[in-house]
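Peer 1: Kindly generate the corresponding structure for this input.
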Amino acid sequence: WEQVAAGNLQMLQRSTVIATFFVALALVLVVLYRPMQNLIAALAGGLVFVGCTALYVNAKGALLRWRPRLINFLCFTYLSSMTALLIYNCTMGLIRDPGLLFAPFMIVLSMTFVMPAWKSMLFLNAAILAFIVASYEQKPADVFSFDLTMAIVTWLLSHVTGMELLRLRIREYRQRRELMHMSSTDSLTGLMNKYATETSARHYLEQASTLRDSALFVIDLDQFKLINDQLGHQVGDDVLCELAHLLR
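Peer 2: Numbers count the residues shown, from 1 in each chain. Coordinates of the predicted model:
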């Protein structure tokens, strides 16, 4: 889940920048062609939120990398806010018109981050239900019937594509983890190899600037050469494996 959270953080950094551009563009178009005060206020508030979020996650990315719970909270808050803004624009902003923008943007939002299946389903169901209720309350019957049909199609497409994409992402993470394990561990003992040890120590020292004390233990095996010479290298390998087990 730390690797998943790191991937979600990278996606959050990119998507907030893209969302800032789209919300700013929508605000400009509304001001020029449909100057509704409530819609302008909603878009302006959304622009401030997503812009501040983009600045925060891109400036603090290195510190957020090791805080999966905070990353998940930021992702969920971003999704909820963007979905609320989308629903408001497609209902209150388009009272006489069908909310054609709801389907594509909702499908994209539902596939943005990797979340547990039940969370994705709960988020998607709540968003589509909120859109249907808002459309029913605000729009004429003929427009609402179109929105209802589009919401059902969006629900189906989002679930199918979301589950398939989640399956592919999980398989990718597993393959990446296996490759990382193979490249960073010693095949005999299962401990970190020289490169992985140096990388881990260097990263620890970069992140441990607030710590006052650190320590490195160098452990030597006395008389180990005699084991290989007198009992054979197979016994020497067994000794190394046992030592690795004791260290772990």
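
Peer 1: Only C-alpha atoms from now on, for both contacts and neighbour counts.
Peer 2: Will do.

Peer 1: Tell me where the protein has strands.
Peer 2: Under the criterion DSSP state E, the chain carries no strands.

Peer 1: Do a quick rundown of the helices in it.
Peer 2: 2-33, 37-59, 61-64, 68-91, 102-110, 117-138, 141-184, 194-207, 224-231, 233-247 (DSSP state H).

Peer 1: what's the least confident helix or strand in this protein, going by average pLDDT?
Peer 2: Sorted by mean pLDDT, DSSP states H and E, the helices and strands of the chain end with helix 61-64, the least confident at a mean of 80.

Peer 1: quick one: it to chain centroid distance?
Peer 2: Per C-alpha atoms, centre = their mean, to the nearest Å, the displacement of helix 61-64 from the mean C-alpha position of its chain is 13 Å.

Peer 1: buried sites along it?
Peer 2: Of all the residues in helix 61-64, those buried under the rule 16 or more other C-alpha atoms under 10 Å are 61, 64.

Peer 1: Please apply the same query to stretch 97-117.
Peer 2: Using 16+ other C-alpha under 10 Å as the test for burial, stretch 97-117 gives 97-99, 102-103, 106-107, 109-115.

Peer 1: Any stretches of this structure with poor pLDDT?
Peer 2: Applying pLDDT under 70 to the chain picks out residues 208-212.

Peer 1: neighbouring contacts of the least confident helix or strand of the chain?
Peer 2: Helix 61-64 is contacted by residues 9, 57, 70, 71 when judged by C-alpha atoms under 8 Å, 6 or more residues apart in numbering.

Peer 1: hey, C-alpha coordinates of it in CSV?
Peer 2: Provided in CSV are the C-alpha atoms of helix 61-64 (Å, rounded to 0.1, in the frame of the first residue of the first chain):
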residue,chain,number,x,y,z
GLY,A,61,5.8,15.7,-2.4
ALA,A,62,9.0,14.4,-0.8
LEU,A,63,7.5,14.6,2.7
LEU,A,64,4.2,13.2,1.7
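
Peer 1: In ChimeraX, how would I select just the buried ones from the contacts of helix 61-64?
Peer 2: Buried subset of the contacts of helix 61-64, written as a ChimeraX selection, criterion 16+ other C-alpha under 10 Å:
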select :9,57,71
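
Peer 1: Adding distance to residue 3, write the contacts of helix 61-64 out as a markdown table.
Peer 2: Output for the contacts of helix 61-64, formatted as a markdown table (distance: C-alpha to C-alpha, whole Å):
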| residue | distance to residue 3 |
| --- | --- |
| 9 | 10 |
| 57 | 17 |
| 70 | 14 |
| 71 | 11 |
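
Peer 1: and residue 179, how many residues sit next to it?
Peer 2: Using other C-alpha atoms under 10 Å, residue 179 is surrounded by 11 other residues.

Peer 1: And it, how far from residue 14?
Peer 2: In this view, residue 179 and residue 14 are 26 Å apart by C-alpha to C-alpha, to the nearest Å.

Peer 1: Then residue 24?
Peer 2: Counting by C-alpha to C-alpha, the gap from residue 24 to residue 14 is 16 Å.

Peer 1: and what of residue 111?
Peer 2: In this structure, residue 111 and residue 14 are 14 Å apart, going by C-alpha to C-alpha.

Peer 1: Can you give the contact residues for stretch 133-141?
Peer 2: Contact partners of stretch 133-141, identified using C-alpha under 8 Å, 6+ apart, comprise 87, 91, 92, 95, 96, 144, 147.
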